[in-house]
Every structure is written in structure tokens, then in C-alpha cells.
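Visitor: Here is the input, now give the coordinates:
(chains A and B)
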Amino acid sequence: MTALAAPLPMSLPAVMQHLRTLEDCGVVRSEKVGRVRTCHLDPAALQLTIDWTADRKNAWENRLDRLEAYLQDTEPIADREVPASAVPASAVPASKLPASKRRKR
Amino acid sequence: MTSATRSTEHATFAVERHIDAEPARVWAAWSDAAAKRAWFAPPNPDVRTDYTLNFGVDEHARTELADGTVYDFDAVYVDVVDGVRFVYTYDMHCNGERISVSVATVELLADGDATTVVVTEQGVYLDGLDKPAYREHGIGEQLAALDGSLHG
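Guide: All right, here's what the predicted structure looks like:
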């Protein structure tokens, strides 16, 4: 404990409190032999959080793949280098044709 | 199913994607219910999905896997800045048990006629971290399967 706390800019009781929290989460395990408490990292506990985050991140990557595909599939004809005036108004939903915005630039 | 142990794990992550479409179209793909359903909850023969979106208000998705596992996604929109960003909170249930509570922020950054989308999630993952059932039927896996079925 003292060895762990030495390089940290906080008091020994503060370090002990942080370690207790980590221990409650299962990230750190400790054992006391005589007056010396030894701490171990448990990578398996950290791995759970990493896996979970990776799952959610992966889900978003997949969703954004589909978003991109969707936007390509529904690309208004006006965006394909065809003058907007050549496209019948009925061919492009008004909500998907922000042509007025583009002209302002 | 009851949890023998209670636990909380906190995590934050961000996913960024440059999309070759202008912000107005990207915004419509998130805010129009039919448009969002097409890419967010597309039909899949192996999965039964009920999906509703009232953009700016709430959003629900119930996904039932072939083995009967049911996931519920329930979101409430908190902050919407039209065309720029929105923030929603959501929780996930697996077979009726709450497994996570999150804050999600979606930001659209204009980049000429293209758009950079940034999704940031801050979440607390509850109890179920050690549940094999969750790991086997993780959302990532489920969506990868959906993705695979769409892109052959």
C-alpha cells in the first residue's frame, strides 16, 4: 500500500479509499499477510468492461455502415450532377431536397 | 432470472464517421421515423423487431431473438438542436431485467457537402456483466448478424 501510494499526489488514506472502490468492483484483489497488504490487478474484471464497450461500439459501427448505405441508396437524383430543374418535382420528396440551402452558398 | 450479485460498471466511448452526404439528409435519416427504421431497425427474418420513433420525444425497440431472448431499448429525447445535435437517455432490458442506463449524444458536423457524425455514449452497465446469456447474445453480435444478412 505504502509503495503504491508513494508516487501518487494524494494521501495514503485517499489511495486506500480508491483501492477499496476498485476492489469492490472486482478490478483489484488484495490480501494481507502480517502488516503488509498486497494488491493484484484482475484483468478479467477489466476485460468485461472492455468487452461491453466494444460490443456497443461495434453495434454503432454496424449501424453507421447501414446509415451510409441507406443514404447512398436514397441519394436524390439532384445530387447526381443532374440540374435540379431537369428533375420533376414529384420525383424528389421536398424534405429530401434542400436545394434552396445549397443555392444560398 | 434474478441477479445473484449487484454491480455497476461505468464506461464512455465515442464513434465517429465521415459520411458523404450533406447534413440535412443525414439529419433526416435520424429524425424521420421511416428513414431511421430502414437502417436502425431493418427487417430481419431471424429477429422480430417492434420499432417506434417519435423524434424529439421518445423511441422504443423491442427485439426478440429466435431463442426467445427479448431486448427492450427505451429512449427519451432530452435535447434537440435542429440539424446540429440531439441527446437522449435510454435504458436496455434483457428479458425484463435492466442491464444498462446511458446518455447518448449524436452530433452532426458539416464538412462541405459531407457530414461527420459523432456518437458519444456514457453508460452504467448493471449487474449483468457476468451473465453468459448476455455475452452470447450481445447486441454487437446481433447487429453484426443483421448487417451480414443485409450485405450478403
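Visitor: Every contact and neighbour count from this point should use C-alpha atoms.
Guide: OK.
Visitor: which ones are touching A:L19?
Guide: A:L19 makes contact with A:V28 under the criterion C-alpha atoms under 8 Å, 6 or more residues apart in numbering or on different chains.
Visitor: Now do the SS call for it.
Guide: Under the three-state scheme (DSSP: H, G, I helix; E, B strand; the rest coil), A:L19 adopts helix.
Visitor: Relative to chain B, how far out is it?
Guide: Distance, A:L19 to chain B, using C-alpha to the nearest C-alpha, to the nearest Å: 15 Å.
Visitor: What separation is there between that residue and B:E59?
Guide: 39 Å (C-alpha to C-alpha, to the nearest Å).
Visitor: what helix or strand is the residue positioned nearest the centre of chain A on?
Guide: The centre of chain A sits closest to A:K57, judged by C-alpha atoms, centre = their mean, with a distance of 5.5 Å. For A:K57, the host element (DSSP states H and E) is helix A:43-73.
Visitor: Same question for B:W39.
Guide: Using DSSP H and E, B:W39 maps to helix B:33-40.
Visitor: Please apply the same query to B:E16.
Guide: Per DSSP H and E, B:E16 falls inside strand B:8-19.
Visitor: so what strands line up beside that strand?
Guide: Using DSSP bridges, strand B:8-19 pairs in its sheet with strand B:114-126 (antiparallel).
Visitor: and the strand it pairs with, how far out from the chain's middle?
Guide: Here strand B:114-126 is found 9 Å from its chain centre; the criterion is C-alpha atoms, centre = their mean, to the nearest Å.
Visitor: what residues does that strand touch?
Guide: B:6-23, B:26, B:98-110.
Visitor: Got a PyMOL select line for the buried ones in these?
Guide: To isolate the buried members of the contacts of strand B:114-126 in PyMOL, using 16 or more other C-alpha atoms under 10 Å in any protein chain shown:
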select buried, chain B and resi 7+9+14+15+16+17+18+19+20+21+22+23+26+98+99+100+101+102+103+104+105+106+107+108+109+110
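Visitor: would you list every one of the strands in chain B?
Guide: Assigned by DSSP state E, the strands in chain B fall at B:8-19, B:48-54, B:58-64, B:70-81, B:85-94, B:97-111, B:114-126.
Visitor: now the ones you listed as JSON lines including distance to A:L12?
Guide: Output for the strands of chain B, formatted as JSON lines (distance: least, C-alpha to C-alpha, whole Å):
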{"stretch": "strand B:8-19", "distance to A:L12": "25"}
{"stretch": "strand B:48-54", "distance to A:L12": "51"}
{"stretch": "strand B:58-64", "distance to A:L12": "47"}
{"stretch": "strand B:70-81", "distance to A:L12": "41"}
{"stretch": "strand B:85-94", "distance to A:L12": "38"}
{"stretch": "strand B:97-111", "distance to A:L12": "34"}
{"stretch": "strand B:114-126", "distance to A:L12": "29"}
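Visitor: Specify the beta-bridge partners of B:D79.
Guide: Counting by DSSP bridges, B:D79 is bridged to B:V87.
Visitor: pretty sure it is touching B:F86, no?
Guide: Yes. B:D79 is in contact with B:F86 according to C-alpha atoms under 8 Å; the separation is 5.3 Å.
Visitor: between those two, which one's more packed in?
Guide: The residue with more neighbours, out of B:D79 and B:F86, is B:F86; 21 against 14, by other C-alpha atoms under 10 Å in any protein chain shown.
Visitor: Which residues of chain A lie near chain B?
Guide: A:25, A:48-49, A:52-53, A:55-64, A:66-68, A:70-71, A:96, A:98 (C-alpha under 8 Å from any C-alpha of the partner chain).
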